[in-house]
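Participant: Got a sequence here, can you build the structure:
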Amino acid sequence: MSHPKKFLNSFVYAFRGIKLVISERNFRIQIVLGILALVFALLLRFSSIDIIIIIFCIALVLGGEAINSAM
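Facilitator: Numbers count the residues shown, from 1 in each chain. Predicted structure coming up:
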């Protein structure tokens, strides 16, 4: 079994990474654009499956940006 301190440290490192990614200007811009896309989808009464697809696409873009920042 893993040592509890190592397990807790992994969360510390993960939160540091999230904090670093959020500090990136492009990531923040993409978050705002993703929220706008969701708002417009809701205002235009997109179907539930369309909204799920939009959320999935937003997650892919943000995940790609996080990988890009990590490199």
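Participant: With only the CA atoms kept, save stretch 19-26 in PDB.
Facilitator: Extracted in PDB, the C-alpha atoms of stretch 19-26 (Å, rounded to 0.1, in the frame of the first residue of the first chain):
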ATOM      1  CA  LYS A  19      -3.800  26.700 -10.400                       C
ATOM      2  CA  LEU A  20      -1.100  27.000 -13.000                       C
ATOM      3  CA  VAL A  21      -3.300  26.200 -15.900                       C
ATOM      4  CA  ILE A  22      -6.000  28.600 -14.700                       C
ATOM      5  CA  SER A  23      -3.400  31.400 -14.600                       C
ATOM      6  CA  GLU A  24      -2.800  31.000 -18.300                       C
ATOM      7  CA  ARG A  25      -4.500  33.700 -20.400                       C
ATOM      8  CA  ASN A  26      -5.600  31.400 -23.200                       C
END
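Participant: In that stretch, which of the residues would be classed as buried?
Facilitator: Neighbour-count burial for stretch 19-26, counted by 16 or more other C-beta atoms under 10 Å, picks out Val21. For glycine as for every other residue, the C-beta is placed from the backbone atoms N, C-alpha and C.
Participant: Need the contact partners of that stretch.
Facilitator: The list of residues contacting stretch 19-26 from outside it, by C-beta atoms under 8 Å, 6 or more residues apart in numbering, reads 27-28, 65-66, 69-70.
Participant: In strands, which of those appear?
Facilitator: Judged by DSSP state E, the subset of these located in strands is empty.
Participant: would you list these in CSV and tack on distance to Ile49, neighbour count and pLDDT?
Facilitator: Converted to CSV, those look like this (distance: C-beta to C-beta, whole Å; neighbours: other C-beta atoms under 10 Å; pLDDT from 0 to 100):
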residue, distance to Ile49, neighbour count, pLDDT
Phe27, 27, 18, 90
Arg28, 28, 12, 92
Glu65, 25, 17, 89
Ala66, 26, 16, 87
Ser69, 31, 15, 81
Ala70, 31, 9, 78
